[in-house]
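Asks: I'll drop the sequence and a predicted model, then ask my questions.
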Amino acid sequence: MPVNIKAKLVEKEQLKPDIFKFTISAKEIADTAKPGQFLEIRVSDNIDPFLRRPISIYDINKENSTVTFIFQVKGKGTEILCKKNIGDDIDVLGPLGFGSFNVEDYKNISIIGGGIGVFPLHELAKVASKTANVNTYLGFRSKDFVVCENEFNKISKKLVITTDDGSYGANGFAINYLIEDLNKLKTDCIYACGPSPMLRAVQKLALEKNIPCQISLEERMGCGIGACLGCAVKTAASSKDMPQYVHVCKAGPVFDASYVEI
Amino acid sequence: MLLGTFGYGREFDQFIDLNKLGGIITKGTSLKPRPGNKPPRICETPSGMLNSIGLQNPGVEYFAENDLPWLKKFDTAIIVNACGSSIDEYVELCKILNTLDIDGVELNLSCPNVKAGCLAFGTTYEGVKEVTSAVRKVLDKPLIVKLTPNVTDITLTAKAVEDAGADAVSLINTLLGMSINIDTRKPYLANNTGGLSGPAVKPVAVRMVYQVAKAVNIPVLGMGGILTGEDAIEFMLAGANAVSIGCGNFVSPDVSIKAIDGIENYMKKYKIEDINSIVGTVQMN
């Protein structure tokens, strides 16, 4: 059940020049949030910027009643957000999204993330690691962009970090290493979040190999609660003449890979 | 206090007490289901947003079976926003709406985001009068017609609404706009253009409400960038008999409740007993 609250910023860390990790004290959200869900943050009381910023949940700590999110400074909204100080109140709406990552009773799972798409995968990997073997494949542009390696290392049985230019970890795209391992290791389900080309490749791979696959999508979002119908994504059932749309904020952000057209 | 851009209400029930609202204007509903436009459908702009949703909705039959019974649980007026692509379609839709347990119909003649219909009917005196008259013949329920601001003189279309026998006018719908990504040199919206709403349009809306309220004798429902009680008061001073909140609901789900509180505070401050007494009392310089 989502709530709209003012949550205190209790921890703040700058991971990269443009990437910030915020932990907020938010019992109402921590109590009910699930891996893959997101928050809508109003960065100021002013009318500009006008809309909330959707940001995925990185970590849920039910014991401490805190929720952590990591975001990249991309525009005027996140520019304002990153200047908040510990002790400041943040206007948060969440947890949002009915489609969350579902761990079921899988024993061996693979997680693949790209760039800032790795963040929503963290809580999933953490939860899944309690009952399953987690193999994680994270791709970044280059060495300077690699984040959260230690955190994912702790909760993964195997962690592969790749960079597009080979400046850190394995060389090339993360999916190539996932493909290699799929042939050797038993995989019950693949979970993915990242840029669209990566998600399309993962979707194709999972459908071909007939492996269950859950992917987290992004689309320009208005309200975050299913009212404005802005964040539309086409379903696989669409025909050329009759498209069918569902909404990332409501039906997603996590979808079964066979359900959507990316 | 009425709410548009409110889906069919379900999305907001988890945050606010819908019984506190004077009414809910549903999202645009058509005779048959509409898939809506290709994404990206929305784009933030200074103090506002552009949208090109394309009237995605499940159709009137689905609404009647699934959403209306749920909405009827609340003590609030239900007004259905009706859209179509031809006069026949508006008439067929309103024949069905006339049989439903709803409190009124708001004709959407002015959506800028769909190829056929809507805006085409909404921009001329003749167009508005023709479709409104046709609907009036089949609709016994209160009929509101929503006006587009994308015209040279909005008092002409407002008069058409009155002449055709509608019960009220609502305004403004969104202003047609465009926003370009300078890196890709493409518009942000897949549909290229979209409707501008939010506080950015409020002064335009207030001006048009003022003009329309002077030009017609039927009630005026004002909207366009309202976020607070103070905003609502401004519309009422300009001549709005009632106000409605659109995309403000996207900023905070409880924006309507807070606006109602804001109106009450204003009434206390100026010792106003009946809010209707301030309607149209702006004192022009």
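Replies: That came through fine.

Asks: residue ranges for the strands of the stretch 101-250 of chain B, please.
Replies: B:104-108, B:143-146, B:168-171, B:175-178, B:180-181, B:186-187, B:193-197, B:220-222, B:242-245 (DSSP state E, counting those that start in this stretch).

Asks: so A:N102 makes contact with A:Q214?
Replies: Yes. Using Cβ atoms under 8 Å, A:N102 is in contact with A:Q214, at 6.6 Å. C-beta coordinates here come from the backbone N, C-alpha and C atoms, glycine included.

Asks: between the strands of the stretch 101-250 of chain B, which gets nearest to chain A?
Replies: Distance to chain A, taken as Cβ to the nearest Cβ, is lowest for strand B:193-197 among these, at 9.5 Å.

Asks: for that closest one, packing partners?
Replies: strand B:42-45, strand B:48-51, strand B:175-178 (3 or more Cβ pairs under 8 Å, 6 or more residues apart in numbering or on different chains; DSSP states H and E).

Asks: Apply 6 Å and report the result again.
Replies: The elements that strand B:193-197 packs onto, with contact taken as 3 or more Cβ pairs under 6 Å, 6 or more residues apart in numbering or on different chains; DSSP states H and E, are strand B:48-51, strand B:175-178.

Asks: Quick one: mean pLDDT over that strand.
Replies: Confidence over strand B:193-197 (mean pLDDT, whole number) is 96.

Asks: Could I get the CA-only coordinates of that strand as PDB?
Replies: Only the C-alpha atoms of strand B:193-197 are listed here, as PDB (Å, rounded to 0.1, in the frame of the first residue of the first chain):
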ATOM      1  CA  THR B 193       2.900  17.800 -30.400                       C
ATOM      2  CA  GLY B 194       0.900  17.500 -27.200                       C
ATOM      3  CA  GLY B 195      -1.400  19.400 -24.800                       C
ATOM      4  CA  LEU B 196       0.200  21.700 -22.300                       C
ATOM      5  CA  SER B 197      -1.200  21.800 -18.800                       C
END
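
Asks: picking that back up, give me the more crowded residue out of A:N102 and A:Q214.
Replies: A direct count of neighbours by other Cβ atoms under 10 Å in any protein chain shown for A:N102 and A:Q214 places A:Q214 higher, at 25 against 16.

Asks: Which residues are in contact with the residue nearest to B:V204 when sequence neighbours are not counted?
Replies: Counting by Cβ to Cβ, 6 or more residues apart in numbering or on different chains, B:V204 lies nearest to B:P149, which is 6.1 Å off, once chain neighbours are set aside. Listed by Cβ atoms under 6 Å, 6 or more residues apart in numbering or on different chains, the contact set of B:P149 reads B:I172, B:L175, B:M208.

Asks: Report how many residues lie close to residue 218.
Replies: Let's take chain A. A:E218: 21 neighbours (other Cβ under 10 Å).

Asks: Not quite, go with chain B.
Replies: 19.

Asks: what's the answer for the one 4 residues further on, then?
Replies: One way to gauge burial is a neighbour count; for B:G222, by other Cβ under 10 Å, it gives 29.

Asks: Which helix or strand lies directly C-terminal to the worst-scoring helix or strand of chain B on mean pLDDT?
Replies: The weakest-scoring helix or strand in chain B, judged by mean pLDDT, DSSP states H and E, is strand B:2-3 (a mean of 58). Using DSSP states H and E, the helix or strand that follows strand B:2-3 towards the C-terminus is helix B:10-13.

Asks: Pull out the buried residues from that following helix.
Replies: B:R10, B:E11, B:F12 (16 or more other Cβ atoms under 10 Å in any protein chain shown).

Asks: Looking at those, which one is closest to A:Q203?
Replies: B:E11 (28.4 Å; Cβ to Cβ).

Asks: could I get the buried residues of helix B:10-13 as a markdown table with pLDDT and distance to B:L189?
Replies: Below are those laid out as a markdown table (pLDDT from 0 to 100; distance: Cβ to Cβ, whole Å):
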| residue | pLDDT | distance to B:L189 |
| --- | --- | --- |
| B:R10 | 83 | 26 |
| B:E11 | 85 | 22 |
| B:F12 | 89 | 25 |
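
Asks: what subset of those is also close to chain A?
Replies: B:E11 (Cβ under 6 Å from any Cβ of the partner chain).

Asks: Can you tell me which of the buried residues of helix B:10-13 is nearest chain A?
Replies: B:E11 (4.2 Å).

Asks: can you list the residues of the stretch 151-285 of chain B near chain A?
Replies: So the stretch 151-285 of chain B meets chain A at B:G198, B:P199, B:F250 (Cβ under 6 Å from any Cβ).

Asks: Out of these, which end up buried?
Replies: For these, buried by 16+ other Cβ under 10 Å: B:G198, B:P199, B:F250.

Asks: you'd agree the last one is up against A:M221?
Replies: No. At 9.4 Å, B:F250 and A:M221 do not qualify as touching, with contact defined as Cβ atoms under 6 Å.

Asks: confidence score at residue 87?
Replies: As the question left the chain open, I've gone with chain A. 97.

Asks: Switch to chain B, please.
Replies: Per the predicted model, pLDDT is 90 at B:I87.

Asks: Pull the number of nearby residues for it.
Replies: B:I87 has 16 nearby residues by other Cβ under 10 Å.

Asks: Over to B:N181?
Replies: 10.

Asks: show me what contacts the nearest residue in space to it that is not next to it in sequence?
Replies: Excluding the flanking residues, the one nearest B:N181 by Cβ to Cβ, 6+ apart is B:Y188, at 5.4 Å. Residues in contact with B:Y188 (Cβ under 6 Å, 6+ apart) are B:C43, B:S179, B:N181.

Asks: what about dumping the CA coordinates of the longest helix along chain A to PDB?
Replies: Counting residues, the longest helix found in chain A (DSSP state H) is helix A:196-209. Presented in PDB, the C-alpha positions along helix A:196-209 are these (Å, rounded to 0.1, in the frame of the first residue of the first chain):
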ATOM      1  CA  SER A 196      16.700  -1.100 -24.000                       C
ATOM      2  CA  PRO A 197      19.100  -2.800 -26.400                       C
ATOM      3  CA  MET A 198      20.300  -5.000 -23.600                       C
ATOM      4  CA  LEU A 199      16.800  -5.800 -22.400                       C
ATOM      5  CA  ARG A 200      15.800  -6.700 -26.000                       C
ATOM      6  CA  ALA A 201      18.800  -9.100 -26.200                       C
ATOM      7  CA  VAL A 202      18.000 -10.700 -22.900                       C
ATOM      8  CA  GLN A 203      14.300 -11.000 -23.800                       C
ATOM      9  CA  LYS A 204      15.200 -12.700 -27.100                       C
ATOM     10  CA  LEU A 205      17.600 -15.000 -25.300                       C
ATOM     11  CA  ALA A 206      15.200 -16.000 -22.600                       C
ATOM     12  CA  LEU A 207      12.400 -16.700 -25.100                       C
ATOM     13  CA  GLU A 208      14.600 -18.800 -27.300                       C
ATOM     14  CA  LYS A 209      15.900 -20.900 -24.400                       C
END
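
Asks: That helix - what's its average pLDDT?
Replies: pLDDT averaged over helix A:196-209 gives 96.

Asks: what's it packed up against?
Replies: Against helix A:196-209 (3+ Cβ pairs under 6 Å, 6+ apart) you get strand A:189-193.

Asks: What distance do you get for the residue nearest in space to the middle of chain A to B:M178?
Replies: Closest to where the C-alpha atoms of chain A average out (Cα atoms, centre = their mean) is A:P120, at 2.5 Å. Plainly put, A:P120 is 32 Å away from B:M178 if you go by Cβ to Cβ, to the nearest Å.

Asks: B:K159 too?
Replies: 30 Å.
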